[in-house]
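J.: need a structure here:
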Amino acid sequence: MSSVGVGGPGRATNVPITDPCGVSVATGLLYIADNQTVRQVDSTDRLTTPAGTGAIGPHGAPAVSASVGTCATAVDASGNLVIADSPNAVIRVVAETTGTCAASSA
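T.: Modelled structure (predicted):
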């Protein structure tokens, strides 16, 4: 997954979290569903934004360019980030290897 996006990269303690609504932990990484983005925090306190622009708008790939209405996150057995996007009524899957974002009807 890409490590660029809105509000990152940077130290997690220095980047504001504005509207957290769900968290998950997988393979030593913390994922936070926050204000139209998914934030990722690693063991060194580095925060990145692997999905979302922080604004409501068109959907797209790569995931850092997509508008995601985050509600909850998880990571599947293949390492892909799964996002429950309730405002858009879809489940998004961000490919671990490419950072591309696919959506399916919820």
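
J.: what's the closest non-adjacent residue to residue 52?
T.: Excluding the flanking residues, the one nearest residue 52 by C-beta to C-beta, 6 or more residues apart in numbering is residue 37, at 3.4 Å. All C-beta atoms are positioned from the backbone trio N, CA, C, and that covers glycine.

J.: State the distance from the one you found to residue 30.
T.: 14 Å (C-beta to C-beta, to the nearest Å).

J.: Can you give the strand pairings for the helix or strand hosting residue 25, parallel or anti for each?
T.: The secondary structure element spanning residue 25 is strand 20-26 (assigned by DSSP states H and E). Next to strand 20-26 in the sheet, as set by DSSP bridges, lie strand 29-34 (antiparallel).

J.: Show me the contact partners of the partner strand.
T.: 17-25, 38-42, 70-75, 81, 83-84 (C-beta atoms under 8 Å, 6 or more residues apart in numbering).

J.: what secondary structure does the most centrally placed residue in the chain sit in?
T.: What sits nearest the mean C-alpha location of the chain, by C-alpha atoms, centre = their mean, is residue 38, with 2.5 Å. At residue 38 the chain is in strand, as set by DSSP: H, G, I helix; E, B strand; the rest coil.

J.: mind checking pLDDT for it?
T.: Residue-level confidence at residue 38 comes out at 89, pLDDT.

J.: quick one: contacts for it?
T.: 31, 32, 49, 50, 51, 52, 68, 70, 73, 81, 83, 94.

J.: switch to 6 Å and redo it
T.: Contacts of residue 38 were listed using C-beta atoms under 6 Å, 6 or more residues apart in numbering, and they are 31, 50, 51, 52, 70, 73.

J.: Just the element for the last one, please.
T.: Using DSSP H and E, residue 73 sits within strand 70-75.
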